[in-house]
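> kindly return the folded structure for what I paste below:
(one chain, ligands or ions: 1)
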Amino acid sequence: MKVLVVNAGSSSLKFTMYRMTGEKVLAKGLVERIGMDGPRLKFETHEGNKIELKALVTNHDEALALICKKLVDPECGVIKSLSEVEAIGHRVVHGGEKFTESVLVDGSVKDIIRECFSLAPLHNPPNLGGIEACEHTFVGTPNVAVFDTAFHQTMPASSYLYAIPHELYEKKGIRKYGFHGTSHKFVTQAMAEYLGKPVEKLKLISCHLGNGGSVAAVDGGKVLDTTMGMTPLAGLVMGTRCGDIDPGVVIYMLQSGMSVKEVDEMLNKKSGLFGVAGIGSSDMRDMLEAADEGLGHAKQAVDMFVHRLISFIGAYYTALGGVDAIALTGGIGENSIPIRAKTVAKLAVFGCKLDEKANQKQGEAVTITTPDSPLPIVVMPTDEELMIARETKALAGK
Ligand code: ADP
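Modelled structure (predicted):
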């Protein structure tokens, strides 16, 4: 079975084409800067063909048409005809409370994705645009929607409710939804396999540390709690997002004359590592280099990042009543040797000791605590596209 995975953003359309036998990536790439100056296609295949070209693309339909043209191109393509694509999986950011798992797309599913526009105004509209572009191009091929929020729908009300008047939840849907669910689900399954323990028996703290970041407490494959909230602004210190903050600060900023737009911009785009460090970057590699050189407040930013992370790990350890393992993933979790070392050091209270040699590895599954550590900390690379492809195969194959 061949499955196409599509991730449609406001100005980009990313794709990965899988042959599900052996879960092999046949081709992947993206069209970026859609509807902006100088749109570009980047396309590469498992056979090493690489294409990068400028294109005139004003919407998702045109972007998809361009990708399809390359997929079937006799020179660089990986399929003979589009009819070889048996199912298409779509990343959809917000499924609200309606979707607890992935679904085959039909009219009513699209209506609910539309209903969730107000909860994810930047993401759900283009996600739906991607689905509709595929409906136009691949007539009759099943489309599957895989939601970032779905895995977290098992959270109990004690985790997902905010301590505000209950009617705000009932009338406006104000509650914690959580994000990165596809990644946390992939990591949960991969950890169960890695540890040789059934998912149903696994207590896990999954830490997705990328530009955005979130921690999830997972008990028997069900999320007990997670750090992102109604929006992806809550929780960890992120690249440019503030994470948890006293809501009184927001009121104070508004009262002191900042507009809603300015506060939004400040907390989403100018805060986090970027805002604290003041070195003009939000990248953890730059942060660590600048911290070594004593530049700006980079050391402070790194310390805050680790402090916030281990605080959530401690809280979730308690909430779960102990855990079997902690998983680190995302760009920072998979690659940043110093951040991992600092994190393990701060978790000494659980008996964790760093295995210095294992911690030199990057981008592969590895236990970075010593064998005598009672709580293993494991680097587990995530693969959201593959998770979407698996869910798509399972649903379309039914
Ligand atoms: P996104 O959330 O955009 O998908 P990623 O998961 O790619 O982001 O993570 C990006 C982060 O990972 C950046 O802060 C980057 O500095 C960090 N990162 C990537 N590679 C390394 C590395 N080798 N060492 C340290 N940090 C890294």
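> can you give me the strands for the protein?
2-8, 12-19, 24-32, 40-45, 50-54, 85-92, 103-104, 143-147, 203-209, 213-219, 222-226, 325-329, 366-367, 377-379 (DSSP state E).
> what pairs with the fifth one, parallel or antiparallel?
In its sheet, strand 50-54 lies beside strand 40-45 (antiparallel), with partners assigned from DSSP bridges.
> what of the longest one?
Strand 24-32 has its sheet partners listed here by DSSP bridges as strand 12-19 (antiparallel), strand 40-45 (antiparallel).
> circling back to that earlier point, save the strands of the chain as TSV, and put in mean pLDDT too.
Shown next, in TSV, are these (pLDDT from 0 to 100):
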stretch	mean pLDDT
strand 2-8	97
strand 12-19	97
strand 24-32	97
strand 40-45	96
strand 50-54	94
strand 85-92	98
strand 103-104	98
strand 143-147	98
strand 203-209	98
strand 213-219	98
strand 222-226	98
strand 325-329	98
strand 366-367	98
strand 377-379	98
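> just put those in a markdown table and tack on mean neighbour count and distance to the ligand.
Every residue, glycine included, has its C-beta placed from N, CA and C. Conversion of the strands of the chain to a markdown table gives the following (neighbours: other C-beta atoms under 10 Å; distance: least, C-beta to the nearest ligand atom, whole Å):
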| stretch | mean neighbour count | distance to the ligand |
| --- | --- | --- |
| strand 2-8 | 25 | 11 |
| strand 12-19 | 22 | 11 |
| strand 24-32 | 19 | 13 |
| strand 40-45 | 18 | 16 |
| strand 50-54 | 11 | 20 |
| strand 85-92 | 24 | 12 |
| strand 103-104 | 18 | 25 |
| strand 143-147 | 27 | 16 |
| strand 203-209 | 26 | 7 |
| strand 213-219 | 27 | 8 |
| strand 222-226 | 23 | 16 |
| strand 325-329 | 26 | 8 |
| strand 366-367 | 18 | 15 |
| strand 377-379 | 24 | 12 |
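> show me the contacts for the residue of the stretch 101-250 of the chain found nearest the ligand.
For the stretch 101-250 of the chain, the residue closest to the ligand is residue 210, as judged by C-beta to the nearest ligand atom, at 2.6 Å. Residues in contact with residue 210 (C-beta atoms under 8 Å, 6 or more residues apart in numbering) are 239, 330-333.
> ok, the single nearest residue of the chain relative to the ligand - contacts?
Nearest residue of the chain to the ligand: residue 331, at 2.1 Å (C-beta to the nearest ligand atom). With contact set as C-beta under 8 Å, 6+ apart, residue 331 has these partners: 209-211, 284.
> same thing with residue 30?
Contacts for residue 30 (C-beta under 8 Å, 6+ apart) come out as 12-15, 41-42.
> so which bits of the longest helix that the chain contains are buried?
Using DSSP state H, we find that the single longest helix of the chain is helix 298-320. Within helix 298-320, the residues scored as buried using 16 or more other C-beta atoms under 10 Å are 298-299, 301-302, 304-306, 308-310, 312-313, 316-317, 320.
> got a list of contacts for stretch 351-359?
Contacts of stretch 351-359 (C-beta under 8 Å, 6+ apart): 337, 340-341, 344-345, 366-375, 377.
> now, these that are in helices?
337, 340-341, 344-345.
> and the residues you listed, which are buried?
Applying 16+ other C-beta under 10 Å to the ones in helices among the contacts of stretch 351-359 flags 340, 344 as buried.
> which of the ones in helices among the contacts of stretch 351-359 lies at the shortest distance from residue 122?
In terms of C-beta to C-beta, no member of those lies closer to residue 122 than residue 340, at 31.0 Å.
> and the gap between that closest one and residue 284?
Counting by C-beta to C-beta, to the nearest Å, the gap from residue 340 to residue 284 is 11 Å.
> which bits of the chain sit near the ligand?
Applying C-beta under 6 Å from any ligand atom, one finds that the chain approaches the ligand through 210-212, 239, 283-285, 330-332, 335-336.
> and the residues you listed, which two are the farthest apart?
Most distant of these, by C-beta to C-beta, are 212 and 285, 16.6 Å apart.
> just among the residues of the chain next to the ligand, which is most surrounded?
Within these, residue 332 tops the neighbour count with 25 neighbours, counted by other C-beta atoms under 10 Å.
> rewinding a little: sitting in helices, which of the contacts of residue 331 do you find?
Those of the contacts of residue 331 lying in helices (DSSP H): residue 284.
> sorry, back to before: using CSV, lay out the residues of the chain next to the ligand together with pLDDT.
Converted to CSV, the residues of the chain next to the ligand look like this (pLDDT from 0 to 100):
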residue, pLDDT
210, 96
211, 94
212, 95
239, 96
283, 96
284, 97
285, 97
330, 97
331, 96
332, 97
335, 97
336, 98
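> ok, residue 377 - contacts?
Taking C-beta under 8 Å, 6+ apart as the test, what residue 377 contacts is 325-328, 340, 343-344, 347, 352, 367-369.
> first vs last residue of stretch 22-40, how far apart are they?
30 Å (C-alpha to C-alpha, to the nearest Å).
> run the chain-centre distance for that stretch.
18 Å (C-alpha atoms, centre = their mean, to the nearest Å).
> stretch 171-187 too?
10 Å.
> list the buried residues in it.
174-187.
> can you pull the pLDDT of the residue positioned nearest the centre of the chain?
Residue closest to the average C-alpha location in the chain (C-alpha atoms, centre = their mean): residue 180, at 3.7 Å. According to the prediction, residue 180 has pLDDT 96.
> hmm, residue 211 and it touching each other?
No: at 11.5 Å, residue 180 and residue 211 do not qualify as touching, with contact defined as C-beta atoms under 8 Å.
> what residues does stretch 234-241 touch?
176, 209-215, 226-229, 232-233, 243-244, 267-276, 282-284, 301, 304-305, 308-309, 312.
> just checking, residue 301 touches residue 284?
No: taking C-beta under 8 Å as the definition, residue 301 is not a contact partner of residue 284, at 9.4 Å.
> shared neighbours, these two?
residue 273.
> tell me who's in contact with the spatially closest residue to residue 56 that is not a sequence neighbour.
The shortest distance from residue 56 to any non-neighbouring residue, by C-beta to C-beta, 6 or more residues apart in numbering, is to residue 39 (7.0 Å). Applying C-beta under 8 Å, 6+ apart, one finds that residue 39 lies in contact with 31-33, 54-57, 63.
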